[in-house]
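*Asks:* Fold the following.
(chains A and B)
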Number of protein chains: 2
Amino acid sequence: MYPNKFERLIEIFERLPGVGNKTAQRYAFGLLDYSKDEIEDYINALKGIQEIKKCKCCGFLADDDLCPICKDESREKETIMVVAYPQDLMAIEKTGIFKGTYHVLNGLLSSTKGIFPEDIDIDNLLKRIDENVKEIIIATSPTMDGEMTALYLDKILKNKNILITRLAHGLPMGASLDYADDLTLIKALDNRREIKEND
Amino acid sequence: MYPNKFERLIEIFERLPGVGNKTAQRYAFGLLDYSKDEIEDYINALKGIQEIKKCKCCGFLADDDLCPICKDESREKETIMVVAYPQDLMAIEKTGIFKGTYHVLNGLLSSTKGIFPEDIDIDNLLKRIDENVKEIIIATSPTMDGEMTALYLDKILKNKNILITRLAHGLPMGASLDYADDLTLIKALDNRREIKEND
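*Replies:* The predicted model follows:
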């Protein structure tokens, strides 16, 4: 019963991931209060999407050929952290602790979804590896697909005389022991460390 | 650390009501998968916002001068239901039970927010009232501002020889009695009805 132009706006918002009709209506009503300039901003941001590129070096999002991180001269090129998705890269960046560079696979191997090595950005990773690279940190999520991808990468990289490491698995900080799942507890026990004075 | 064009997209989504940074990122990544046509659709829907009008008769949203309900000849013009917002109208429409017309105030009187009768669409309501109007149903929410607006409308309409009614207050269907607040229980008791055979 809404007028057509408003219904179309609701439909558009319903296409966003995880948005139902009620939320889409709320967004549409929110937009009714926007000034002309704000709507112009919105339209320009959408037009910009088609200009967002994939970094030719690492596979992350980029305005130009290279992403902001690959352009940054201060990043240590001898360490490459391999992640599945741009969001994972951002999660690591937010910690501020990693000074190396990244490689974004833009996917994970999956036997159930039929995703094979040629479907994700592994080739570009191999091309990047030269004598300057000292360590590759495999930072895929500890899921079935993440583990499979990590094992595959380890297999094809291990004859290259580079240190291959993985992020540690164990109890997440602040978590309650009795809520941890069995696999996490087994990993945490397997990877237990001696307590040292400077810990 | 995201490229500028992607950061702008996230910022735009963060302006939507109730959307935080994490959700805005999810929406922005969702849009990266859109086809050119889908983005075009999105942009056109946004352009359409500026053409959405207020119905000259009832104050609801409209593509043209009149909204779809005021245009509909089959609606009974002798009953007008007064609601605060377009969303309230839609909530009633969804039930499918009301065949009359509406008047949308686009606001509620509020002493705390300083909203007075001239700030909401009361004048247009008065202009609509002629000898054909038999009943005005005041359907403002049972909140402080809603009650105040209902009382005000009752005061200015009661000398017009029209039946003025309000939506019933009481226990919501499916609600548990011991979770109902005191005011609702008092209203439910005050408005108790004799059980009849055809109930």
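*Asks:* got a list of what the residue sitting furthest away from the middle of chain A touches?
*Replies:* Ranked by distance from the centre of chain A (Cα atoms, centre = their mean), the top residue is A:M1, with 41.3 Å. A:M1 makes contact with B:P68, B:I69, B:L89, B:M90, B:E93, according to Cβ atoms under 8 Å, 6 or more residues apart in numbering or on different chains. Bear in mind the C-beta positions are built from the backbone N, C-alpha and C, glycine included.
*Asks:* Closest one to B:M148 out of those residues, please.
*Replies:* Of all those, the one with the least separation from B:M148 (Cβ to Cβ) is B:L89, at 20.2 Å.
*Asks:* hang on, A:I136 in a strand?
*Replies:* Yes - counting by DSSP: H, G, I helix; E, B strand; the rest coil, A:I136 falls inside a strand.
*Asks:* Could you tell me how far it is located from chain B?
*Replies:* 21 Å (Cβ to the nearest Cβ, to the nearest Å).
*Asks:* quick one: that residue and A:I162 touch, right?
*Replies:* Yes - A:I136 sits in contact with A:I162 when judged by Cβ atoms under 8 Å, with a separation of 5.7 Å.
*Asks:* tell me which helix or strand of chain A sits lowest on mean pLDDT?
*Replies:* Lowest by mean pLDDT, DSSP states H and E among the helices and strands of chain A is helix A:182-190, with a mean of 84.
*Asks:* Which secondary structure elements does that one sit against?
*Replies:* Taking 3 or more Cβ pairs under 8 Å, 6 or more residues apart in numbering or on different chains; DSSP states H and E as the contact definition, helix A:182-190 has no neighbouring helices or strands.
*Asks:* which other residues reach it?
*Replies:* By Cβ under 8 Å, 6+ apart, helix A:182-190 touches A:P142, A:H169, A:G170, A:L171, A:L177, A:A180.
*Asks:* closest to chain B among those residues?
*Replies:* A:P142 (20.9 Å; Cβ to the nearest Cβ).
*Asks:* so that closest one sits right up against A:G170, yeah?
*Replies:* No - the pair A:P142 / A:G170 is not scored as a contact, 10.1 Å apart, by Cβ under 8 Å.
*Asks:* Where does pLDDT dip in chain A?
*Replies:* The model of chain A has pLDDT under 70 over residues A:197-199.
*Asks:* Quickly run through the sheet partners of the longest strand seen in it, with directions.
*Replies:* Longest strand in chain A by number of residues (criterion: DSSP state E): strand A:76-83. Using DSSP bridges, strand A:76-83 pairs in its sheet with strand A:100-104 (parallel), strand A:135-138 (parallel).
*Asks:* Helix or strand next in line after that strand, which one?
*Replies:* Next helix or strand after strand A:76-83 toward the C-terminus (DSSP states H and E): helix A:86-95.
*Asks:* does that next one come close to chain B?
*Replies:* Yes - Helix A:86-95 is in contact with chain B by Cβ under 8 Å from any Cβ of the partner chain, via A:P86, A:Q87, A:L89, A:M90, A:E93.
*Asks:* Now a PyMOL select for only the buried ones of those.
*Replies:* Per 16 or more other Cβ atoms under 10 Å in any protein chain shown, the buried members of the residues of helix A:86-95 next to chain B correspond to this PyMOL selection:
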select buried, chain A and resi 86+89
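*Asks:* Of the residues of helix A:86-95 next to chain B, which is the nearest to chain B?
*Replies:* A:E93 (4.8 Å).
*Asks:* Now do the helices in chain A.
*Replies:* Assigned by DSSP state H, the helices in chain A fall at A:4-14, A:21-32, A:36-49, A:68-71, A:86-95, A:122-128, A:144-157, A:182-190.
*Asks:* Can you mark which positions in the third one are buried?
*Replies:* Of the residues in helix A:36-49, those buried by neighbour count under the rule 16+ other Cβ under 10 Å are A:D41, A:Y42, A:I43, A:A45, A:L46, A:G48, A:I49.
*Asks:* Setting aside sequence neighbours, what's the nearest residue to A:G20?
*Replies:* A:E14 (7.1 Å; Cβ to Cβ, 6 or more residues apart in numbering or on different chains).
*Asks:* which residues sit in contact with the one you found?
*Replies:* A:G20, A:N21, A:A24.
*Asks:* ok so, going back, now render the strands paired with strand A:76-83 as a markdown table, adding mean neighbour count.
*Replies:* Below are the strands paired with strand A:76-83 laid out as a markdown table (neighbours: other Cβ atoms under 10 Å in any protein chain shown):
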| stretch | mean neighbour count |
| --- | --- |
| strand A:100-104 | 23 |
| strand A:135-138 | 20 |
